[in-house]
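Undergrad: Pasting the sequence and the predicted model now:
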Amino acid sequence: MGHLSDLLVFAGEAKQLDIVELMTGASWVVLAVLGVLVIMSLVSWYIIGFKVLYLSQARRESDNFLDTFWRSKRLDNIYKKAEDLNRSPISQVFKAGYVELSKLKSQSKDEDGNTMSGQLTGIENIERALRRSTVSEVTQLESMVPFLATTGATAPFIGLFGTVWGIMVAFVNLQAKNATGIDVVAGPIAEALIVTAFGLFAAIPAGVAYNFFLSKMRVLGSEMDNFSSDFLNIVKRHFFN
């Protein structure tokens, strides 16, 4: 009956549990862990919101650019269109290739401009420009996203540290007060569980968002590679034959 009455009392007190009041009286270690998790969560949500808008715009502008590229017959017109689509990684790859092609065309009057060696060198220069631009755009797409992976991987363990600390404090209080009532350990254990919940709250959205963004970036990366190959083939067929 004694244990049952303790449980009933605890249940009655739990209904009136004030999380803010509970955390105000928490130890500095638990508060520090909670602060770190809150900061990680806020930064993660900022990155999620920013990347959703950024990748959505990159997707729309890339589709717009590809539609223009395959419908237009003049590279200079395509370049003018690409200048208005700065968020499209594919348009940036095209601009890098077009700029290098323009340099080669301006040098076409040189003595070696029509030799086989000159053609191969020109193609290699364009290919390097496309590859450098692709790497640069992939790096831009991936910016800030690794933080989401870090949060998803470490936040549960940071929360677990706070949980272990809270439980340890609960048992220390239990021993110091030489008591067996559940009310002695209820507060520290509740603090520990709250920290665990915050760790999961920070980790789960970050992990889901990271995988989502990774799939979107892989698609854009593949499209940049495919476009580079198509552009290089067009250049070989029309300018180096």
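TA: Nice, thanks for sending it over.
Undergrad: For the rest of this, base every contact and every neighbour count on C-alpha atoms.
TA: Noted.
Undergrad: if I look at residue 211, how far off is residue 148?
TA: Distance of residue 211 to residue 148, computed by C-alpha to C-alpha, to the nearest Å: 9 Å.
Undergrad: which element is residue 98 on?
TA: If you go by DSSP states H and E, residue 98 is part of helix 89-106.
Undergrad: CA atoms of that helix as PDB?
TA: This file holds the C-alpha atoms of helix 89-106, laid out as PDB (Å, rounded to 0.1, in the frame of the first residue of the first chain):
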ATOM      1  CA  PRO A  89      24.000  25.100 -61.100                       C
ATOM      2  CA  ILE A  90      23.600  23.900 -64.600                       C
ATOM      3  CA  SER A  91      23.500  27.400 -66.100                       C
ATOM      4  CA  GLN A  92      26.700  28.200 -64.200                       C
ATOM      5  CA  VAL A  93      28.400  25.100 -65.700                       C
ATOM      6  CA  PHE A  94      27.300  26.300 -69.100                       C
ATOM      7  CA  LYS A  95      28.600  29.800 -68.500                       C
ATOM      8  CA  ALA A  96      32.000  28.400 -67.600                       C
ATOM      9  CA  GLY A  97      32.100  26.300 -70.700                       C
ATOM     10  CA  TYR A  98      30.900  29.100 -72.900                       C
ATOM     11  CA  VAL A  99      33.500  31.500 -71.600                       C
ATOM     12  CA  GLU A 100      36.300  29.000 -72.300                       C
ATOM     13  CA  LEU A 101      34.900  28.300 -75.800                       C
ATOM     14  CA  SER A 102      34.800  32.100 -76.500                       C
ATOM     15  CA  LYS A 103      38.400  32.400 -75.600                       C
ATOM     16  CA  LEU A 104      39.300  29.600 -78.000                       C
ATOM     17  CA  LYS A 105      37.300  31.100 -80.800                       C
ATOM     18  CA  SER A 106      39.100  34.400 -80.300                       C
END
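Undergrad: Quick check: the gap between the residue sitting nearest the centre point of the chain and residue 196.
TA: With distances taken as C-alpha atoms, centre = their mean, residue 145 lies nearest the centre of the chain, 2.0 Å away. Remark: distance between residue 145 and residue 196 (C-alpha to C-alpha) = 24 Å.
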